[in-house]
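# from the sequence below, what's the structure:
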Amino acid sequence: MTIKEFNQAVDLYSDGVYRFVLKNIKDEDKAKDIIQDTYEKLWKRHGEVNYEKVKSYLFSTAYHTLIDLTRREKKKAQWDEVDFNRHSANDGYSDLNEVLHKAVDLLPDIQKMVVMMRDYEGYSYKEIGDMTNLSESQVKVYIFRARKFLKEYIGKIEVLV
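Got it, this is the predicted structure:
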């Protein structure tokens with residue numbers, strides 16, 4: 001393709017390729033950038049591209065450039081859409097140990113006792129049952145209820161850390 005044919009391709013097809021890209025991307029600035037990249041690629045390969053197939057070359061190159069741009073943008077973080085309040089520590093003081101002790105103190109005495117024996121002291125369900133005169137299944141129920149309360153009270157660990 002000659003320089004004259006390249007200039008004719010710009011005159012004949014730039015509006016159509018632009019509308020094609022704009023319809024797909026819906027951002028005028030990005031569409032202009034894609035068109036510029038497309039014509040730059042055509043210029044770099046103008047000696048290899050046949051003028052009869054230039055329209056096809058332009059549309060397919062613009063499409064592939066559009067796809068590449070879209071894929072790159074998917075990988076980038078959208079900082080203007082990030083809610084920093086959700087992903088940052090709050091101003092309040094939150095010592096995890098202090099929060100946990102406060103939550104354990106709110107438990108009923110029997111639940112507090114079995115959870116402490118199981119989780120802090122490491123006793124088995126049977127040993128706890130023997131010490132508290134409870135059946136093994138009662139011990140499991142009290143521990144389950146206590147852990148459920150603690151989980152709901154403390155919430156997700158990510159909030160505290």
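
# now do the same end-to-end measure for stretch 106-126.
25 Å (Cα to Cα, to the nearest Å).

# give the buried residues for it.
Counting neighbours by 16 or more other Cβ atoms under 10 Å, one finds that the buried residues in stretch 106-126 are Leu107, Gln111, Met113, Val114, Val115, Met117, Arg118, Tyr123, Tyr125. The C-beta positions use only the backbone N, C-alpha and C, and glycine is treated the same way.

# right, and the last one touches Lys140 too?
Spelled out, that is Tyr125. Yes: contact criterion Cβ atoms under 8 Å: Tyr125 and Lys140 qualify, at 5.9 Å.

# need the buried residues of stretch 106-126 in a markdown table (columns: pLDDT and distance to Met131).
Shown next, in a markdown table, are the buried residues of stretch 106-126 (pLDDT from 0 to 100; distance: Cβ to Cβ, whole Å):
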| residue | pLDDT | distance to Met131 |
| --- | --- | --- |
| Leu107 | 89 | 18 |
| Gln111 | 90 | 15 |
| Met113 | 82 | 9 |
| Val114 | 86 | 9 |
| Val115 | 87 | 14 |
| Met117 | 82 | 7 |
| Arg118 | 89 | 11 |
| Tyr123 | 85 | 7 |
| Tyr125 | 93 | 11 |
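
# now tell me what touches stretch 122-132 from outside.
Ile110, Met113, Val114, Met117, Arg118, Leu134, Ser135, Glu136, Gln138, Val139, Lys140, Ile143 (Cβ atoms under 8 Å, 6 or more residues apart in numbering).

# let's have those residues in a markdown table, adding distance to Ser56.
Converted to a markdown table, the contacts of stretch 122-132 look like this (distance: Cβ to Cβ, whole Å):
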| residue | distance to Ser56 |
| --- | --- |
| Ile110 | 79 |
| Met113 | 79 |
| Val114 | 76 |
| Met117 | 77 |
| Arg118 | 72 |
| Leu134 | 81 |
| Ser135 | 80 |
| Glu136 | 77 |
| Gln138 | 78 |
| Val139 | 76 |
| Lys140 | 72 |
| Ile143 | 71 |
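
# and of these, the nearest to Asp27?
Minimum separation from Asp27 among the contacts of stretch 122-132 (Cβ to Cβ) is found for Ile143, which lies at 56.6 Å.

# thought Thr38 was touching Thr65?
Yes: counting by Cβ under 8 Å, Thr38 does reach Thr65; the two are 5.7 Å apart.
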